[in-house]
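Colleague: Make a model of this:
(one chain, ligands or ions: 1)
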Amino acid sequence: MPTALTRAISPLLGECELTHLQRSVIDIKKAQNQQKEYENALENMGYTIRRVPDIPHLPDGVFVEDAAVVFPEIGIITRPGAKSRRPETESVAAVLSEYRDLKTITAPGTLDGGDVLTLGKQVFVGISERTNTKAIQQFVDFLKPYGYSVTGIPVTKCLHLKTAIAVIDNDLLLINPEWIDESLFPGYRCEYVSESEPYGANVIRKDNWALCPKAFTNTAEWLQKQGYDVIALDQSELAKAEAGLTCCSILVDD
Ligand code: GLY
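Modeller: Numbering: from 1, shown residues only. Modelled structure (predicted):
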């Protein structure tokens, strides 16, 4: 059974790390309701939800995606780029070790899971404020035995690589071309997000389902036209914490 690991929202979410956004007040109750809807949507998509242990003292703990990257063969525990986020990984590792053998990124490497996009045996890793080339080299070493190639991609205009790109189908990507250089993905068809929805590329697609923030109506319409069953979710509060849909879960497929 595919499992989605999630974590309860910290009451301190309003004190989260911010890089490209101005701080604004987050309604914690509303954020919790939005997270529940997100978990319900993942259940609709066939995932069993498993919450990793609460860490209420860590504002960004809900963004579990950054703490680990899961492949069919292994899991890689990260060393997040923001110092405040490094204590988030231990509790994720404890749970993920039940599903995969684990490797761990070590200093001086830093890497956020949001910077990792996997396309079959090709892994693209954002070189960003959070992720450095030392960690990418460790990724290469961890994944080489399993036949993966790893390519670093510069990311400067948004937080993470996956803020600006999503895999929609085997050869089809949804991308913000202002933030990511599409020429780095030769052989793939690239659909651009609409200019009014720069954050629209952070969607989750699995089987016939596509999960999309409610605010991005053009993106939702395009996904519908591609034939997907779109679940549009209100993500207003988590978006204020500079987070997208993918940030809030680690998807562990069978
Ligand atoms: N607030 C999400 C992050 O900066 O990691």
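Colleague: what does the stretch 151-254 of the chain have sitting close to the ligand?
Modeller: Counting by CB under 6 Å from any ligand atom, the residues of the stretch 151-254 of the chain lying close to the ligand are 241, 242, 243. Quick note: C-beta positions are derived from backbone N, CA and C, even for glycine.
Colleague: Output these as CSV; include the columns neighbour count.
Modeller: What follows is these, written out as CSV (neighbours: other CB atoms under 10 Å):
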residue, neighbour count
241, 24
242, 21
243, 26
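Colleague: Averaged pLDDT, the lengthiest helix in the chain. What do you get?
Modeller: Of all the segments of type helix in the chain, defined by DSSP state H, the longest one is helix 28-44. Looking at helix 28-44 alone, the average pLDDT works out to 98.
Colleague: Show me what that helix is in contact with.
Modeller: Helix 28-44 has contacts (CB atoms under 8 Å, 6 or more residues apart in numbering) with 4, 6, 8-9, 11, 13-14, 49, 62, 209, 211, 231, 233-238, 245, 248-249.
Colleague: mind checking how far stretch 9-26 is from the chain centre?
Modeller: How far stretch 9-26 lies from its chain's middle: 17 Å, per CA atoms, centre = their mean, to the nearest Å.
Colleague: now swap in stretch 150-168 and tell me
Modeller: With CA atoms, centre = their mean as the basis, the distance from the averaged C-alpha position of stretch 150-168 to the chain average is 10 Å.
Colleague: quick check: mean pLDDT across it?
Modeller: Stretch 150-168 shows a mean pLDDT of 97 in the predicted model.
Colleague: Run through the residues that contact the residue of the chain found nearest the ligand.
Modeller: Distances from the chain to the ligand, computed as CB to the nearest ligand atom, single out residue 17 as the nearest residue at 3.3 Å. With CB under 8 Å, 6+ apart as the criterion, the residues that contact residue 17 are 59, 60, 82, 84, 85, 242.
Colleague: same thing with residue 236?
Modeller: When contacts are counted by CB under 8 Å, 6+ apart, residue 236 touches 30, 34, 215.
Colleague: Confirm for me that residue 126 is in contact with residue 160.
Modeller: Yes. Contact status for residue 126 versus residue 160: in contact at 5.9 Å, counting by CB atoms under 8 Å.
Colleague: Between the two, which contacts overlap?
Modeller: The contact sets of residue 126 and residue 160 overlap at 114, 115 (CB under 8 Å, 6+ apart).
Colleague: before we move on, the earlier item: which ones among the contacts of helix 28-44 lie within strands?
Modeller: Among the contacts of helix 28-44, the subset assigned to strands under DSSP state E consists of 4, 6, 49, 209, 211, 231, 233.
Colleague: Tell me the helix or strand right after the helix or strand residue 123 falls within.
Modeller: Taking DSSP states H and E as the criterion, the element that holds residue 123 is strand 122-127. Note on strand 122-127: by DSSP H and E, the next helix or strand toward the C-terminus is helix 133-143.
Colleague: what's next to that next one, contact-wise?
Modeller: By CB under 8 Å, 6+ apart, the residues outside helix 133-143 that reach it are 71, 74, 76, 78-79, 103, 105-106, 108-111, 116, 123, 125, 127, 150, 152.
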